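>>> Using only what follows, build the 3D model:
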Amino acid sequence: MTTHAEAPPATARLPRQIPFIIGNEGCERFSFYGMRNILVQFLITSTLLQHILETGERELVAKDLMHTFMIGVYFFPLLGGYIADRFFGKYNTILWFSLVYVAGHACLALFDDSRTGFFTGLGLIALGAGGIKPLVASFVGDQFDQSNKHLAKVVFDAFYWIINFGSLFASLLMPLFLKNYGPGVAFGIPGLLMLVATLVFWAGRKRYVMVPPVGGDEPHTFSRVVRTALFAHAPDRGRPGLVIAALGVVSAVAAFALTGPLGFVIAFCIALVLLIAGVGGGAYLQLDRARSLHPEAAVDGVRSVLRVLVAFALVTPFFSLFDQKASTWVIQGNAMTKPEWFVASQMQALNPALVMLLIPFNNLVLYPALRRLGWEPTALRRMGAGIAFSGLAWIVVGMIQLAMDGGTPMSIVWQILPYALLTFGEVLVSATGLEFAYSQAPVAMKGVVMSFWNLTTTVGNLWVLLANQAVRNDGLTGHIATTGLSVTAFQMFFFAAFALVAALAFAWYARRYRVVDNYRAVSA
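Residues are numbered from 1 along each chain as shown. This next block holds a predicted model:
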């Protein structure tokens with residue numbers, strides 16, 4: 001649907017408080033990527049997994065731990081978004097969860113040889129990082145209104161640029177600190193940066209636009225509209241949506257039976273997916289019934305959220321590929337030829353370095369060129385293309401693995417090409433997705449929608465854990481052996497196909513999706 005917007009005001013200015021949020025994000029991202037990008041490398045060689053004698057199994061366990069940690073990081077946004085929207089507001093919630101985050105870093109630095117202490121630290125970081133994750137980006141959006149919303153895209157790109165600025169130096173330096181100075185220093189430096197991030201955010205407290213929370217007594221929240229839609233009676237129409245929701249709940253409870261063979265984390269994530277799909281799908285079928293008790297704006301807002309969740313679901317395969325650059329690709333890099341001073345996990349620095357180049361290139365060169373050719377690079381088109389590019393990256397990395405499996409020594413330089421393809425896909429998906437998620441969310445539901453956007457990464461990491469569990473099955477590994485591929489190469493091509501199929505499904509859905517605009521009205 002095409003709309004004709006008014007020209008942006010010539011006097012519109014960037015809010016003065018934005019540098020505080022951007023500075024906070026740069027330091028916070030250094031702290032997060034600084035510890036995450038060395039996590040698999042540390043776990044493989046640490047005493048924490050010393051009881052696992054087989055190298056291949058130790059690598060799988062290290063991957064599982066990293067992806068389980070990432071599931072936590074991207075699950076806790078549900079908690080942070082709920083608390084901020086209903087009770088304390090974004091600013092207070094960000095500040096308090098940041099202190100939990102700092103405590104988690106301290107545990108990693110102090111207890112690198114203690115399973116209890118170290119894993120407690122990972123849990124606290126997952127809670128702290130996850131709690132603030134849906135809020136910082138939406139807090140940026142809150143600083144804009146209709147008079148200067150055209151500047152928001154620039155700031156969201158700058159926001160994503162500074163994320164990668166912090167990630168670049170963390171990826172370059174932390175592997176060297178781990179190698180040369182040990183885990184205490186390598187995990188301690190990110191902790192200090194997180195403390196700085198918290199102080200920078202606190203320093204701007206008197207300048208921020210503080211959008212108040214909805215409050216616990218608000219009768220038209222997302223959950224209450226959904227509940228009304230499911231339970232409202234309509235004469236002679238039955239309750240098919242309630243039946244679907246009930247099946248979702250029953251299936252979610254039944255999923256916990258998988259705890260034995262698959263573990264609690266996988267069973268919990270499967271249950272969460274089934275619950276969201278069942279309740280969301282059922283509510284959508286009966287949503288018009290809520291109009292008798294809720295205003296049009298609230299019902300239409302819930303409809304927008306449920307429709308955007310389908311788009312989010314189709315993005316999850318991208319994140320299953322993207323996050324494995326910190327696990328599967330690092331393990332592949334360990335087996336490649338490289339200089340003595342170089343550490344395989346340092347290759348991850350390519351990702352943020354390329355992001356910092358690609359964001360201005362896309363905005364200043366690529367997108368204007370596409371518009372001159374008559375093709376508008378909308379948010380949904382960019383995201384669909386990004387998923388496809390991630391699939392291409394995994395085809396390339398799979399080809400590299402085939403050569404290595406055949407006995408050909410491969411230089412780690414060969415990983416540059418898949419990193420470039422994956423990073424281009426990331427810019428198209430992640431940087432775009434931040435703005436898209438905020439713009440589609442009703443004012444009272446922005447924290448919740450941003451939480452669901454972050455949940456796409458949780459589900460993406462769930463696919464990785466399921467794939468890792470599958471290759472522990474002797475029947476499946478025997479079948480893979482008949483293909484002539486190693487288990488690693490087979491997984492790489494599987495994930496490539498997974499992403500390419502998802503890209504096609506996303507493109508189909510995007511053609512039917514109606515984009516909405518939910519920025520704040522102009523301030524008085």
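
>>> State the pLDDT value of residue 360.
Per-residue confidence (pLDDT) for residue 360: 85.

>>> ok, it to residue 424 distance?
From residue 360 across to residue 424, the span is 14 Å (Cβ to Cβ, to the nearest Å). (Each C-beta comes from the backbone N, C-alpha and C, glycine too.)

>>> More neighbours: those two, which one.
residue 424 (22 against 11; other Cβ atoms under 10 Å).

>>> Pull up the gap between that one and residue 357, please.
Taken as Cβ to Cβ, the span from residue 424 to residue 357 is 10 Å.

>>> Spatially central residue (nearest the centroid) of the chain, please.
Compute the mean C-alpha point of the chain, and by Cα atoms, centre = their mean the closest residue is residue 457, 3.9 Å away.

>>> I'd guessed that residue sits against residue 319; true?
Yes. Assessed by Cβ atoms under 8 Å, residue 457 is found in contact with residue 319 at 4.5 Å.

>>> and residue 407, how many residues sit next to it?
6.

>>> Look at it and give its secondary structure.
Secondary structure for residue 407, judged by DSSP: H, G, I helix; E, B strand; the rest coil, is coil.

>>> list the contacts for it?
Listed by Cβ atoms under 8 Å, 6 or more residues apart in numbering, the contact set of residue 407 is empty.

>>> that older thread, which pLDDT value belongs to the residue nearest to the centre of the chain?
Confidence score, pLDDT, at residue 457: 92.

>>> Roughly how far does it sit from residue 329?
Counting by Cβ to Cβ, the gap from residue 457 to residue 329 is 17 Å.

>>> Please apply the same query to residue 469.
20 Å.

>>> what's the answer for residue 100, then?
30 Å.

>>> of those two, who's got more company?
Applying other Cβ under 10 Å to residue 100 and residue 329 shows that residue 329 carries more neighbours, namely 25 against 19.

>>> Pull up the gap between residue 212 and residue 220, please.
15 Å.

>>> Neighbour count for these two, which is higher?
A count of neighbours by other Cβ under 10 Å puts residue 220 above the other of residue 212 and residue 220, at 19 against 7.

>>> so the more buried one is in which element?
Assigned by DSSP states H and E, residue 220 belongs to no helix or strand.

>>> Run a quick neighbour tally on residue 322.
Neighbours of residue 322 (other Cβ under 10 Å): 24.

>>> quick one: low-confidence parts of this structure?
1-12, 53, 146-147, 149-150, 153, 214-217, 444, 447, 518-524 (pLDDT under 70).

>>> Tell me how it divides into domains.
For the chain, automatic domain parsing gives the domain ranges 18-212+295-510, 221-294.

>>> Quick check: which of the ones you listed is buried the most?
Greatest average neighbour count among the domains of the chain goes to domain 18-212+295-510 (a mean of 20), per mean count of other Cβ atoms under 10 Å.

>>> Regarding that one, how distant is the last residue from the first?
In domain 18-212+295-510, first residue to last residue: 32 Å (Cα to Cα, to the nearest Å).

>>> can you tell me the helix or strand for the closest residue in space to residue 164 that isn't next to it in sequence?
Excluding its sequence neighbours, the residue lying closest to residue 164 (Cβ to Cβ, 6 or more residues apart in numbering) is residue 352, at 3.5 Å. Residue 352 belongs to helix 350-361 when assigned by DSSP H and E.

>>> what element comes up after that helix heading to the C-terminus?
Next along from helix 350-361, by DSSP H and E: helix 367-372.

>>> Alpha carbons of that next one, as CSV, please.
The C-alpha coordinates for helix 367-372 follow below in CSV (Å, rounded to 0.1, in the frame of the first residue of the first chain):
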residue,chain,number,x,y,z
TYR,A,367,19.6,2.2,-1.7
PRO,A,368,19.6,5.5,-3.7
ALA,A,369,20.8,3.5,-6.7
LEU,A,370,18.0,1.0,-6.3
ARG,A,371,15.4,3.8,-6.1
ARG,A,372,16.7,5.4,-9.3
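
>>> which element is the closest residue to residue 278 other than its chain neighbours on?
Of all residues beyond its chain neighbours, the one nearest residue 278 is residue 248 (1.2 Å), with distances taken as Cβ to Cβ, 6+ apart. Assigned by DSSP H and E, residue 248 belongs to helix 240-255.

>>> what sits up against the next helix or strand after that helix?
Downstream of helix 240-255, the first helix or strand assigned by DSSP H and E is helix 259-262. Outside helix 259-262, the residues within contact range by Cβ under 8 Å, 6+ apart are 267, 466, 469.

>>> How about stretch 223-237?
So stretch 223-237 is contacted by 218, 239, 241-242, 245, 279-280, 282-283, 286-290, 292-294, 298-299, 301-302 (Cβ under 8 Å, 6+ apart).

>>> So which of those residues are in helices?
241, 242, 245, 279, 280, 282, 283, 298, 299, 301, 302 (DSSP state H).
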